[in-house]
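> Any chance you could fold what I've pasted below:
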Amino acid sequence: MVDVGTVFAAELHEGLAAEIRSIARAHPEVSERSARQLRRALRADRLAVATDDGRVVGWFLSESGMGGAHELGYLFVESSFRTGEVFDRMLAQLLEIERRAVAVTFRPGLADWLERSYGFERASLGSVIALSRGTFLMRRLSPVRLRAVARHTSEATPIYLTWTRQGL
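Coordinates of the predicted model:
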């Protein structure tokens, strides 16, 4: 049985961050995050982690933003667990954090599913930047992230998405 959570004891943060970085290095399609960024996300309960018998099999990150909109990204689920359930459980936990979210994907099928299942809406880069009050763009200005953006956008077209909790 896969467990999914965002709250972990402080003494587990270092090990979880190291395990996630180790798995991510074996998957070049996953953009890099520093151990410091992961520990900070774990302390703030913004990193959903899926485990199977204590072994990390997936993660999904919520990065705080301005104006009550957070960015969802840094997603990975081990191939043998990609039935949709693990992703769905991690996403549901992260959507509880803020009332608005922004995301980018290069997979049209995932964008379609997010629209149908969760009410995400396709958006322009400009509207994602505006909703995040610039944090979406600012995060991509470090050399490491610029390389990742260049690699991803040379291989596929980005699809920008926004989400707002119903009732707002």
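> only C-alpha atoms for contact and neighbour calcs from this point on.
Fine.
> Out of the helices and strands in this protein, which is least certain?
helix 143-155 (a mean of 63; mean pLDDT, DSSP states H and E).
> helix or strand right after that one?
strand 159-164 (DSSP states H and E).
> chain center to that next one, what's the gap?
Put simply, strand 159-164 sits 13 Å off its chain's centre (Cα atoms, centre = their mean, to the nearest Å).
> which one's the longest helix in the chain?
helix 10-25 (DSSP state H).
> List the buried residues of that one.
13, 16-17, 20-21, 23-24 (16 or more other Cα atoms under 10 Å).
> Please produce TSV containing those, extended by distance to Ser80 and pLDDT.
Output for the buried residues of helix 10-25, formatted as TSV (distance: Cα to Cα, whole Å; pLDDT from 0 to 100):
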residue	distance to Ser80	pLDDT
His13	25	97
Leu16	20	97
Ala17	21	97
Ile20	17	97
Arg21	19	96
Ile23	14	96
Ala24	16	94
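> Among these, which one lies nearest to Asp53?
Nearest to Asp53 among those is Leu16, at 13.8 Å by Cα to Cα.
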